[in-house]
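Asker: quick one: sequence plus predicted model below, questions after.
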Amino acid sequence: MHRYCRLTPVYMLSIGVWVSLLVHLEEGPYIRDYYQRNRDTCATYWWTNLLYINNFFSFPTKQCMPWSWYLANDWQFFFISPLFLVLLSKRKFRKFGVIALVVVTVLSGTVTAVLIGHWGFPLGNLLRGEGTASVDIDDRVYAKPWTRIQTYTLGMLVGYILYRIKDQKYRIPLIKNLIGWTLSFSIMFALVFGLYSSGEESSLPGWFGAIWHGIDRILFTSCVAWIIFACVTGNGGPVNSFLSSGLFIPLSRLTYCCYLLHPMIINAYLYSKKVSFHWSHMEMVSYCMLHFVVKSCIYRQSEVKAPHSGCLFCRRGRGLG
């Protein structure tokens, strides 16, 4: 309940801004029609966001704030996580808890590959946005919990390993440490940039797309898991010093608001343009600065103040019980 009280106020405030405020702040040839469609959708399906089940509804025609699908996934995974934690907390069942996490991870990757292969989503066309392929994959595969839980269960597994180690300094031999870092960065680089040229060429084979989607999130999460494990156990070196810098603390407090508001500012800017949009470094720098100013204001009004009232509500609820 505490997590719900912390996430929901700024979430609902963002929906209010999305459907009622932005349309009055900008003018343009497309912006009113665009926001009217979104307002109609939110008027019908806002309750799915409140219950964090919006990712089960058709994308994007039946989703208010379509990019909020991840919040629904995150809440659903958090809701079922005690099933794994109970097993991991009992000495006799720890092995079954680890096996359950591994099985769910593998099954999620397998289901993703099967769905991609069944529906025949080509990687090249997805990057170019041809036809309805991009919309279809978002609706049928991309935002669904059974294709996303693999990263969550991997994270739980790494968290459990770190819990068992606690604050011990787990010394990794230099050669193995270098191999681990080299592999992790190489795999992450390949996953991010490996498909760059396919956006300009013909579609890649369907079997390749199925395999890629089946393993890409597992591989990327495994690389992130290595970075976390190495840094926490004292094997991170300069990477750990950089990631532990206090400079990230104020930025980390804005990430939730950034996630909710960033697409709003992008759409408000693009749909209000009366001329063709041309990218420039100066324009993008000022664009990003505007994002942080807006998100800082929202954070001060909702993330800082609302959680305290939400926690008070939760405490009162427990007292009445």
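Answerer: Sure thing, it's come through.

Asker: the stretch 201-321 of the chain: helices as residue ranges?
Answerer: 206-232, 238-243, 248-252, 255-271, 281-298, 306-320 (DSSP state H, counting those that start in this stretch).

Asker: turn those into JSON lines, columns for mean neighbour count and distance to Phe121.
Answerer: For the C-beta atoms, the positions are set from N, CA and C on the backbone; glycine is no exception. Putting the helices of the stretch 201-321 of the chain into JSON lines (neighbours: other C-beta atoms under 10 Å; distance: least, C-beta to C-beta, whole Å) gives the following:
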{"stretch": "helix 206-232", "mean neighbour count": "18", "distance to Phe121": "6"}
{"stretch": "helix 238-243", "mean neighbour count": "12", "distance to Phe121": "34"}
{"stretch": "helix 248-252", "mean neighbour count": "10", "distance to Phe121": "34"}
{"stretch": "helix 255-271", "mean neighbour count": "17", "distance to Phe121": "23"}
{"stretch": "helix 281-298", "mean neighbour count": "13", "distance to Phe121": "30"}
{"stretch": "helix 306-320", "mean neighbour count": "12", "distance to Phe121": "40"}
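
Asker: out of those, which comes closest to Trp47?
Answerer: helix 255-271 (17.8 Å; C-beta to C-beta).

Asker: what sits closest to Leu219 if chain neighbours are left out?
Answerer: Excluding its sequence neighbours, the residue lying closest to Leu219 (C-beta to C-beta, 6 or more residues apart in numbering) is Ile187, at 5.5 Å.

Asker: which residues touch the one you found?
Answerer: For Ile187, the contacting residues are Leu219, Phe220, Ser222, Cys223, by C-beta atoms under 8 Å, 6 or more residues apart in numbering.

Asker: mind listing what the residue nearest to the last one when sequence neighbours are not counted touches?
Answerer: It refers to Cys223. In this structure, Cys223 finds its nearest non-sequential neighbour in Ser184, 4.0 Å apart by C-beta to C-beta, 6+ apart. Contacts for Ser184 (C-beta under 8 Å, 6+ apart) come out as Ser222, Cys223, Trp226, Ile227.

Asker: within the helices and strands, which one has the spatially most central residue of the chain?
Answerer: Centroid-nearest residue in the chain: Tyr70, 5.2 Å away (criterion: C-alpha atoms, centre = their mean). Secondary structure from DSSP states H and E places Tyr70 in helix 69-89.

Asker: export that helix as CSV, just CAs?
Answerer: Provided in CSV are the C-alpha atoms of helix 69-89 (Å, rounded to 0.1, in the frame of the first residue of the first chain):
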residue,chain,number,x,y,z
TRP,A,69,2.5,0.6,-19.7
TYR,A,70,5.8,0.1,-17.8
LEU,A,71,4.3,1.3,-14.5
ALA,A,72,1.6,-1.4,-14.9
ASN,A,73,4.2,-4.0,-15.5
ASP,A,74,6.3,-2.9,-12.6
TRP,A,75,3.4,-2.9,-10.2
GLN,A,76,2.2,-6.3,-11.3
PHE,A,77,5.7,-7.7,-10.8
PHE,A,78,6.0,-6.1,-7.4
PHE,A,79,2.6,-7.6,-6.5
ILE,A,80,3.6,-11.2,-7.2
SER,A,81,7.2,-10.9,-5.9
PRO,A,82,6.3,-12.2,-2.4
LEU,A,83,5.7,-15.6,-4.0
PHE,A,84,9.4,-15.8,-4.8
LEU,A,85,10.5,-14.0,-1.6
VAL,A,86,8.7,-16.5,0.6
LEU,A,87,10.6,-19.4,-0.9
LEU,A,88,13.9,-17.5,-0.7
SER,A,89,13.4,-16.6,2.9
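
Asker: ok so, going back, could I get the helices of the stretch 201-321 of the chain as JSON lines with mean pLDDT and distance to Tyr34?
Answerer: Formatted as JSON lines, those follow (pLDDT from 0 to 100; distance: least, C-beta to C-beta, whole Å):
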{"stretch": "helix 206-232", "mean pLDDT": "91", "distance to Tyr34": "30"}
{"stretch": "helix 238-243", "mean pLDDT": "91", "distance to Tyr34": "39"}
{"stretch": "helix 248-252", "mean pLDDT": "81", "distance to Tyr34": "30"}
{"stretch": "helix 255-271", "mean pLDDT": "81", "distance to Tyr34": "5"}
{"stretch": "helix 281-298", "mean pLDDT": "68", "distance to Tyr34": "19"}
{"stretch": "helix 306-320", "mean pLDDT": "44", "distance to Tyr34": "29"}
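
Asker: in JSON lines: these, plus distance to Ile15.
Answerer: Output for the helices of the stretch 201-321 of the chain, formatted as JSON lines (distance: least, C-beta to C-beta, whole Å):
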{"stretch": "helix 206-232", "distance to Ile15": "28"}
{"stretch": "helix 238-243", "distance to Ile15": "33"}
{"stretch": "helix 248-252", "distance to Ile15": "23"}
{"stretch": "helix 255-271", "distance to Ile15": "9"}
{"stretch": "helix 281-298", "distance to Ile15": "13"}
{"stretch": "helix 306-320", "distance to Ile15": "14"}
